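Chemist: below are the sequence and a predicted model; questions follow.
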Amino acid sequence: MVKLNKITSETLHFFLLEISQQLLQVEHFFRHPSTILADQLFGRSGYSANLYSRIQNTISRDLGESKDGASQFRLKAIATFAQEMHTLIQLARQSVKEIHHPHPITEKEYSLLQRIIPMHKHAEMIQQTRLSVESIESILHDANAQKAIKLGKKCTNLQGSFQLALDKSIQSQPDLTLNKTLSQALFSISYIRQILELMKHISDTVLSISIGQKMNHHRYHSLSNVANEFEFDSEEMQIETVAETRSGSAISGIRRQSEKDQPDSEYLAIFKEGEKKSSKKNVKVWKAGMIFTLDLHLEF
């Protein structure tokens, strides 16, 4: 990852730690709703907001001092990442607020909801979101594109599992009567859906930071197609920044991770956003130092 100054790095660390702790409180609330848990969660909102503000301020200063294009791209991507994480925890707190306000849910009402909409399943979704968040710092620190891609795949699967569980719950209750408690739960669930959708965007941002180029799930599928073309699993892909253009855009290479966790010596493809796929022959020409002859790249 782009080298951050000590203050920015430490603030980002504590920011992610605070997000994780608040998600844990949300998870506990959905398992055992209580006024104490809700109040503790709402009381911590200022901590994450303050850390987020500090990150934005320090990155703004870093951008003003940076003259390197690749570093500026990653700094802007980290600022976007922090903004997305700030939005995520706001959504998580709102999902609790919908259940807790204006009338806190009782144990009896919670038991009834369990038969209609399994809230403990949504607690599990929040738990998986928390675990995903806790994995991000190491991905960013190591600029591990391989793990970033796995994170994106996990987020997509979580969203699918959530919708499947919700559809199954609703379809099993054809005579469902909408009341105050059920309405509160449905509004709360809508925020969980937004959290899972946002996690997909966060995984895209994490991948962008890791490889130094703009990335999204559509481009992820393109990467998977490259893996299939060379007959290996996408989880074996190693993506590395191998050069920069004059404008500061990164040029990245894909190669296969060996069984000993060491990448193969030969790049299978070179890519840059908006350009077409290179062949292995082109890569060998590039490796020989003739980068100006490389006019075919992976298309995203």
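Modeler: Here it is on my side, so go on. Numbers count the residues shown, from 1 in each chain.
Chemist: from here on, just use CA atoms for contacts and neighbour counts.
Modeler: Fine.
Chemist: count the neighbours of residue 61 for me.
Modeler: If you count neighbours by other Cα atoms under 10 Å, residue 61 ends up with 10.
Chemist: which secondary structure element is home to it?
Modeler: Assigned by DSSP states H and E, residue 61 belongs to helix 45-65.
Chemist: next one: residue 206
Modeler: Take DSSP H and E as the rule and residue 206 turns out to sit in helix 180-211.
Chemist: buried sites along that helix?
Modeler: Neighbour counts over helix 180-211 (16 or more other Cα atoms under 10 Å) mark 181-182, 184-189, 191-193, 195-211 as buried.
Chemist: can you check stretch 88-104 too?
Modeler: Buried residues in stretch 88-104, counted by 16+ other Cα under 10 Å: 88-100, 104.
Chemist: hmm, who's touching it?
Modeler: For stretch 88-104, contacts defined as Cα atoms under 8 Å, 6 or more residues apart in numbering pick out 19, 22-23, 26, 29-30, 34-35, 38, 41-42, 105, 181, 184-185, 187-192, 194-195, 198-199.
Chemist: the same query, at a cut-off of 6 Å, please.
Modeler: When contacts are defined by Cα atoms under 6 Å, 6 or more residues apart in numbering, stretch 88-104 is touched by residues 184, 188, 191, 195.
Chemist: how does the protein divide into domains?
Modeler: Per automatic domain parsing, the structural domains of the chain span 6-212, 219-293.
Chemist: okay if I get the contacts of stretch 88-104 as CSV plus distance to residue 69?
Modeler: Converted to CSV, those look like this (distance: Cα to Cα, whole Å):
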residue, distance to residue 69
184, 48
188, 42
191, 37
195, 32
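Chemist: of all the residues you listed, which two lie farthest apart?
Modeler: Pairwise distances across the contacts of stretch 88-104 (Cα to Cα) peak at 17.1 Å, for the pair 184 and 195.
Chemist: ok, back up a step: next secondary structure element downstream of the helix holding residue 61?
Modeler: Toward the C-terminus, helix 45-65 is succeeded by helix 69-100 as the next helix or strand (DSSP H and E).
Chemist: so how far is that next one from its chain's centroid?
Modeler: Centroid separation for helix 69-100 versus its chain: 10 Å, with Cα atoms, centre = their mean, to the nearest Å.
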